[in-house]
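S.K.: here is my input, please return the structure:
(one chain, ligands or ions: 1)
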Amino acid sequence: MVRKLAAGNWKMNGTRAALAELQTLAQAHDSPSVDILICPPAPLLFSAAEMVKGQAIDIGAQDCHPAASGAHTGDIAAPMIADCGATAVILGHSERREDHNETDDLVRAKATAAHAAGLTAIICIGETLAQRDAGQTLGVIAAQLEGSTPDSAKADNTVIAYEPVWAIGTGKVPSLEQIGEVHDFMRQSLSKRFGTDTAKGVRLLYGGSVKPANAAQIFAVDNVDGALVGGASLSEGDFTPIIKALSDNS
Ligand SMILES: O=C[C@H](O)COP(=O)(O)O
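M.R.: Predicted structure coming up:
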């Protein structure tokens with residue numbers, strides 16, 4: 001069985017003062033069976049990584065450029081993220097697909113760059129409400145999973161996060177059957193492309209309005225190996241019970 005992963009995406013929230021929340025989380029963390037990852041905004045990466053050194057929490061970024069360096073004003077390269085002490089990067093989040101017109105090809109190139117820099121790529125995929133209502137969910141998931149995941153994907157360098165766009169920050173959550181259907185499908189799709197061993201090892205996270213009140217039910221669904229948490233990861237008081245629910249399910 002894979003180690004479960006509780007990942008927190010702070011999105012564009014938090015200044016240096018927010019690192020106090022990270023400190024509290026590090027002190028409160030007593031779940032050796034669960035990996036914990038916090039992805040703060042880029043200006044906090046180095047400080048956050050320094051703060052958790054020697055503790056059971058990893059730090060990740062929220063995006064990287066596909067090139068390792070060059071004339072790309074405002075962008076951040078994967079080797080720079082690794083140099084900060086971070087170990088992972090979220091890629092292809094629906095907010096980036098929407099705000100920055102990111103395509104599957106671009107996400108795949110970014111994930112390749114992340115792997116080359118020794119980072120774990122957390123590749124986000126998910127359908128819109130219109131796509132779900134039109135019965136297109138599994139087709140969308142198939143296309144995004146295939147298109148965004150590079151050939152360099154392995155069990156120890158890739159995580160897939162299923163985030164229905166309509167569930168992000170809305171308080172709406174798919175039914176457990178809907179979550180299970182997509183997670184089973186992702187596992188089977190990865191198995192066909194990469195083989196069973198790799199597919200079993202790639203962690204599949206659910207993301208979208210995960211809260212302390214619904215975490216345990218979601219984590220009980222087959223093939224859910226953890227969560228990518230937005231809003232509830234901003235406060236230690238909300239994130240810790242989610243970690244505990246995951247730990248209880250390990
Ligand atoms: O990356 C995290 C997801 O977008 C979920 O965000 P949320 O937990 O605030 O719904």
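
S.K.: from here on, contacts and neighbour counts on C-alpha atoms
M.R.: OK.

S.K.: run a quick neighbour tally on N223.
M.R.: When counting by other Cα atoms under 10 Å, one arrives at 21 neighbours for N223.

S.K.: which residues touch it?
M.R.: Applying Cα atoms under 8 Å, 6 or more residues apart in numbering, we find N223 in contact with G180, H183, D184, R187, L204.

S.K.: point out the other helices and strands that the longest helix seen in the chain packs with.
M.R.: As assigned by DSSP state H, the longest helix anywhere in the chain is helix 176-194. Judged by 3 or more Cα pairs under 8 Å, 6 or more residues apart in numbering; DSSP states H and E, helix 176-194 is in contact with helix 137-148, helix 196-201, strand 203-207, helix 215-219.

S.K.: what do you get if the cut-off is 6 Å, keeping everything else the same?
M.R.: helix 196-201 (3 or more Cα pairs under 6 Å, 6 or more residues apart in numbering; DSSP states H and E).

S.K.: a strand runs through P241, doesn't it?
M.R.: No. Counting by DSSP: H, G, I helix; E, B strand; the rest coil, P241 is not part of a strand but helix.

S.K.: what's the burial count for the closest residue to it other than its chain neighbours?
M.R.: Counting by Cα to Cα, 6 or more residues apart in numbering, P212 is the residue found nearest to P241 once chain neighbours are left out, at 5.6 Å. Neighbourhood size, P212 [other Cα under 10 Å]: 17.

S.K.: how about the residues of the protein that lie near the ligand?
M.R.: N9, I168, G169, G207, G208, S209, V210, L228, V229, G230, G231, A232 (Cα under 6 Å from any ligand atom).

S.K.: out of the residues you listed, who's nearest I141?
M.R.: Nearest to I141, judged by Cα to Cα, of the residues of the chain next to the ligand is G207 at 14.1 Å.

S.K.: now the helix or strand of the chain with the lowest mean pLDDT, how far from the centre of its chain.
M.R.: Here the helix or strand of the chain ranked lowest by mean pLDDT, DSSP states H and E is helix 19-28, holding a mean of 85. Put simply, helix 19-28 sits 20 Å off its chain's centre (Cα atoms, centre = their mean, to the nearest Å).

S.K.: in strands, which of the residues of the chain next to the ligand appear?
M.R.: Secondary structure from DSSP state E places N9, G207, L228, V229 of these in strands.

S.K.: can you put the contacts of N223 in a markdown table and add pLDDT and neighbour count?
M.R.: Shown next, in a markdown table, are these (pLDDT from 0 to 100; neighbours: other Cα atoms under 10 Å):
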| residue | pLDDT | neighbour count |
| --- | --- | --- |
| G180 | 98 | 19 |
| H183 | 98 | 24 |
| D184 | 98 | 15 |
| R187 | 98 | 21 |
| L204 | 98 | 29 |
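
S.K.: out of those residues, which is nearest to the ligand?
M.R.: Distance ranking of those against the ligand, using Cα to the nearest ligand atom, places L204 first at 13.4 Å.

S.K.: hang on, the earlier thing: and the least confident of the residues of the chain next to the ligand?
M.R.: Scanning these for pLDDT, the low point is G169. It has 94.

S.K.: against the ligand, how distant is the residue of the chain positioned farthest from its centre?
M.R.: No residue in the chain sits farther from the centre than A71, which is 27.9 Å out by Cα atoms, centre = their mean. Distance of A71 to the ligand, computed by Cα to the nearest ligand atom, to the nearest Å: 28 Å.
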